[in-house]
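Colleague: predicted model and sequence below, questions to follow.
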Amino acid sequence: MQKLAKREEQIMQSLWKLKKAFIKEIIEELPDPKPHYNTTATIVKILEEKGFISHKAFGNSFQYYPLISKQEYQKDVLGEVVNNYFDNSPLALVKFFAKEEKINTEELEEIIKLIKNNK
């Protein structure tokens, strides 16, 4: 799966949230400064060419929807991060967050509980 550029990812975040949307609805969800309609339409077309989204035609208008779920994209991107920056070790990732104080004891206990329940 290709990694998305920043604006592509923002558009995907909008579509994941909205489930389906026209260009104007996507723009409303984007952070300020809002991109121009034509810019957004171009990026949406690129996302469609990359296989991330598709559309349904309503006359001259198109309603777009994601083909790739947020969870699929998260799994791919996080897997790449763990592989490239943490020697393919999820433990190294968790240690990093613990050292940086980005994760607390309750969250670690929740992770342990999830691991135990999945076995």
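Modeller: Structure received. Numbers count the residues shown, from 1 in each chain.

Colleague: what sits closest to residue 68 if chain neighbours are left out?
Modeller: By the measure of Cβ to Cβ, 6 or more residues apart in numbering, the closest residue to residue 68 outside its immediate chain neighbours is residue 52, 5.1 Å from it. (Glycine included, C-beta is placed from N, CA and C.)

Colleague: the one you found: neighbour count?
Modeller: For residue 52, the tally of surrounding residues (other Cβ atoms under 10 Å) stands at 22.

Colleague: quick one, what contacts it?
Modeller: 4, 8, 12, 66, 67, 68 (Cβ atoms under 8 Å, 6 or more residues apart in numbering).

Colleague: and those residues as CSV, adding neighbour count?
Modeller: Shown next, in CSV, are the contacts of residue 52 (neighbours: other Cβ atoms under 10 Å):
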residue, neighbour count
4, 20
8, 18
12, 21
66, 21
67, 14
68, 18
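
Colleague: those in helices, which ones?
Modeller: Using DSSP state H, 8, 12 are the members of these that sit in helices.

Colleague: contacts for the helix or strand where residue 114 lies?
Modeller: According to DSSP states H and E, residue 114 maps onto helix 105-117. Applying Cβ under 8 Å, 6+ apart, the contact partners of helix 105-117 are 94, 98.
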